[in-house]
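In: I need the structure of the sequence given here:
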Amino acid sequence: QARHTATLIFLHGLGDTGHGWADCFRSMKLQHIKCVCPNAPINSVTLNAGMKMPSWFDIIGLGPDSPEDEEGIKASSEILQKLIEEEEKAGISANRIMIGGFSQGGAVALHRALATDQKLAGVVGLSTWLPLHRKLDQVKKSDHIKEMAIFQAHGTEDPLVPFRWGEITSKVLASMCANYSFHNYPMAHTSCPEELADVKKFLETNLP
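Out: Numbering: from 1, shown residues only. Below you'll find the model as predicted:
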């Protein structure tokens, strides 16, 4: 295997692990792109009656006005930042590092993209939303997001993170970023072969 020249760091959704996503990316046979799929810490989740499960931050409710776990989002955003720094130490420059995630993992990646002072290659946000949307002015640290490539995708039949949230997020991101695309697929809160084929194309185009 040739040495990788680019990296994707991808965060899984609530209650999941990184293994399934690692298999997905492995099956894409991305020649020079290394895919890092870390596991979330185990935390209790309010929405699931306080049950402990892999979670990047607490989910208190699913309504647009539900309170958000700002501390947890920021803590996981820092975990993601450390993974970015590890790749940089291994010789991959920030503009060859893409971040992303599914559902709450994607929310952490979008938060990091806004809060970063680095020019990252871009973001892959699947079935996700922009967290802390009421505080975007405080979250946004730089205009680097303008230069990033962003791929956002959502299932039109999503019963957990409503498609409408994806649309609202897409309007905000499109206003900030020149190289932005929003894709929808007739699916629930999941992924599908068409979506994964589009993600592969996006990665190969933006991390040549």
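In: any idea how far Asp158 lies from Trp129?
Out: Going from Asp158 to Trp129 by CB to CB, to the nearest Å gives 11 Å. Just so you know, the C-beta spots here come from the backbone N, C-alpha and C atoms, and that holds for glycine as well.
In: Are there residues contacting both of those two? Which ones?
Out: Common neighbours of Asp158 and Trp129 (criterion: CB atoms under 8 Å, 6 or more residues apart in numbering): Gly166.
In: In stretch 194-208, which residues are buried?
Out: Of the residues in stretch 194-208, Glu195, Leu196, Asp198, Val199, Lys200, Phe202, Leu203, Asn206, Leu207 count as buried by neighbour count, 16 or more other CB atoms under 10 Å.
In: ok, how many other residues are close to the nearest residue to Glu157 once chain neighbours are set aside?
Out: Excluding its sequence neighbours, the residue lying closest to Glu157 (CB to CB, 6 or more residues apart in numbering) is Ala188, at 5.0 Å. Applying other CB atoms under 10 Å, we find 13 residues neighbouring Ala188.
In: how about Ala188, what does it touch?
Out: Gly155, Glu157, Asp158, Pro159, Leu160.
In: confidence score at the nearest residue to the first one once chain neighbours are set aside?
Out: Beyond its immediate neighbours in the sequence, the residue positioned closest to Gly155 (CB to CB, 6+ apart) is Met187, lying 3.8 Å away. For Met187, the model assigns a pLDDT of 97.
In: can I assume Met187 is in contact with Leu160?
Out: No - the criterion here is CB atoms under 8 Å, and Met187 misses it with Leu160 at 11.9 Å.
In: Phi and psi next, for the residue nearest to Glu157.
Out: phi -90, psi -150 (degrees, to the nearest 10).
In: now do Leu47
Out: Per-residue torsions, Leu47: phi -60, psi -30 (degrees, to the nearest 10).
In: got the contact list for it?
Out: Ile59, Ile60, Gly61, Leu62.
In: And those residues, which of them are buried?
Out: Applying 16+ other CB under 10 Å to these flags Ile59 as buried.
In: Make a markdown table out of the contacts of Leu47 and add secondary structure.
Out: Shown next, in a markdown table, are the contacts of Leu47 (DSSP: H, G, I helix; E, B strand; the rest coil):
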| residue | secondary structure |
| --- | --- |
| Ile59 | coil |
| Ile60 | coil |
| Gly61 | coil |
| Leu62 | coil |
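In: Which two of the contacts of Leu47 have the greatest separation?
Out: Largest separation among the contacts of Leu47 by CB to CB: Ile60 and Leu62, giving 9.0 Å.
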